[in-house]
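**Student:** My questions concern the predicted model and sequence given below.
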Amino acid sequence: MSINEILATLMFVTFIGLLFTGFPVAWVLGGLAIIFTAIAWGSDVLFGIPTGVDWAFTSGIVDRMWDIMKNWVLVSIPMFVFMGIMLDRSGVAETMMVSFTKLFGRLRGGMAIVVAVIGVLLAASTGIVGASVTLLALLALPPMLRLGYSKSFATGTVAAVGTLGILIPPSIMLVIMADRLSLSAGDLFMGAMIPGLLLAALYIIYILVHAYLDPKVAPAPVDVEPFTWGLVWEVLKAAMPAFLLILAVLGTIFFGIGTPTEASGIGALGAMGLAWHNKRLNFTVLKDASYQTSKTVCFIMAIFIGATAYSLVLRGMGGDDLIEKGLKALPFGPDGVVITVLFMVFILGFFLDWIEITLIVLPLIAPVIEHFGFSLVWFCVIFAVVLQSSFLTPPVGFSLFYLKGVAPPEVKTRDIYIGIIPYNIMIFICTVMVYVWKDLALWLPSVAYR
């Protein structure tokens, strides 16, 4: 191996190792960029072994940071974050939970179905996993446990459904993918719509089948309100605000009325309108939502800057060429390479957050996937499906931490870990389906603007 290949390999391995120290990821990425630039510079100056990376080379980081700051696509991120947080404060989810429970709660496993349906609506209107998981856990977990639901069944459902926000549009992850690979965010939104709903449908099928085969895990309630068409009307009224917000945001994009950036502004304004309608909008709520938005966006942008510095130095050392040669040398053919990459992403999801995987790994492997003739829109969608598991696998499964933080004391970590196993299997099934039937991800973008 050449000196560049050795340094590139050490840089990536060191990054993986430092993640286990608990040090902030943004500082790890930026620090490694500086350290390995110094090592490369020293290799040339002290030992006469040129690497092509020096302080003049890394000054290009400033230009790349400027490109990030002036990117109009990324403006949608704070707006989508604000929309999700404001919708969380608006009380819409609580209203839907009460109404949906009256209608579907009479079924065996009905409360879990309610969680799944509301989770899909939250995913399509907030896109923030932490808010969705926390809200669903606070609203649904105590009544599910009171009804005698299995702790693993209840917690697994909440964690899995709350994670749909990174797949079902408008998803912050899809916005970042579009920016990194210079793709249309609208195409990715449309491409992820059917797979996202398919995964939600698989979750609901699992809930129904499991509750039917093992009634003890999700017993039907004894005293329920008789069915009337008034209940149906109540459910429709409760779901209408969220549905209209989804239509306003996604319809703006899908019908070509505006860009994701403009749609995010509509969504933020719409969420404020819902909070005002429910008499939840005041200065304290607005200040808290703005503060939480700033904190979340700063976290994301810090990782953006660190990943930009890291990627530039890694590529300067030939890290992308090393990965490309390694993947092309695999004796599996194009399909085997894609499957290998998706398996690697699944394994990385145990240790890395989706942000690091999207910002660092995806840009390195995407050129290889495109070289083999695969659509990058399709690959990003299936990549996003696999990344669902990064939230649901220990030790870095953030949905599991969000859930444990607000779950009742009797819910143990073991219950949560057992509960998410079937849902990870559903993610695998969905991945296989999108891989085999690529039109699940490609059909909607192909007809949207025709």
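**Tutor:** Perfect, I can see it now.

**Student:** going forward, measure contacts and count neighbours with C-alpha atoms only.
**Tutor:** OK.

**Student:** residue contacts, residue 111?
**Tutor:** The contact partners of residue 111, by CA atoms under 8 Å, 6 or more residues apart in numbering, come to 101, 104-105, 140, 144.

**Student:** For the longest helix that the chain contains, the averaged confidence score.
**Tutor:** Longest helix in the chain, counting residues (DSSP state H): helix 283-316. Here helix 283-316 scores 85 as its mean pLDDT.

**Student:** ok, now how distant is residue 344 from residue 234?
**Tutor:** As for residue 344, its distance to residue 234 is 46 Å (criterion: CA to CA, to the nearest Å).

**Student:** Look at these two and report which has more neighbours.
**Tutor:** residue 234 (18 against 12; other CA atoms under 10 Å).

**Student:** So what's the residue count around the residue nearest to the more buried one when sequence neighbours are not counted?
**Tutor:** Closest residue to residue 234 apart from its sequence neighbours, by CA to CA, 6 or more residues apart in numbering: residue 99 at 6.3 Å. Other residues near residue 99 come to 21 when the count uses other CA under 10 Å.

**Student:** Wait, residue 99 touches residue 233, no?
**Tutor:** No - between residue 99 and residue 233 there is no contact under CA atoms under 8 Å: 9.5 Å.

**Student:** chain center to stretch 138-146: distance?
**Tutor:** Its chain's C-alpha centre and that of stretch 138-146 lie 24 Å apart, by CA atoms, centre = their mean, to the nearest Å.

**Student:** Over to stretch 396-407?
**Tutor:** Mean-position distance between stretch 396-407 and its chain equals 15 Å (CA atoms, centre = their mean).

**Student:** Run through who's touching it.
**Tutor:** Contacts for stretch 396-407 (CA under 8 Å, 6+ apart): 129-130, 133-134, 137-138, 141, 155, 158-160, 162-163, 349-353, 389-394, 411-413, 416-417.

**Student:** Stretch 273-290 now?
**Tutor:** Under CA under 8 Å, 6+ apart, the answer for stretch 273-290 is 82, 85-87, 89-92, 241, 272.

**Student:** what's the pLDDT at residue 449?
**Tutor:** What the model reports as pLDDT for residue 449 is 56.

**Student:** please renumber so the chain begins at 806
**Tutor:** Right, with 806 as the first residue, what we last looked at is residue 1254.

**Student:** Not counting its neighbours along the chain, what's nearest residue 900?
**Tutor:** Leaving aside its chain neighbours, residue 900 sits nearest to residue 1043 (6.0 Å; criterion: CA to CA, 6+ apart).

**Student:** Same question for residue 1229.
**Tutor:** Closest to residue 1229 by CA to CA, 6+ apart is residue 1194, at 6.2 Å.

**Student:** and that neighbour, how far is that from residue 907?
**Tutor:** Counting by CA to CA, the gap from residue 1194 to residue 907 is 32 Å.

**Student:** Pick out whichever of those two has more residues nearby.
**Tutor:** residue 1194 (27 against 20).

**Student:** Give me the pLDDT value at that one.
**Tutor:** Reported pLDDT at residue 1194 in the predicted model: 89.

**Student:** Residue ranges in the stretch 1106-1255 of the chain under the pLDDT threshold?
**Tutor:** By pLDDT under 70, the low-scoring segments of the stretch 1106-1255 of the chain are 1254-1255.
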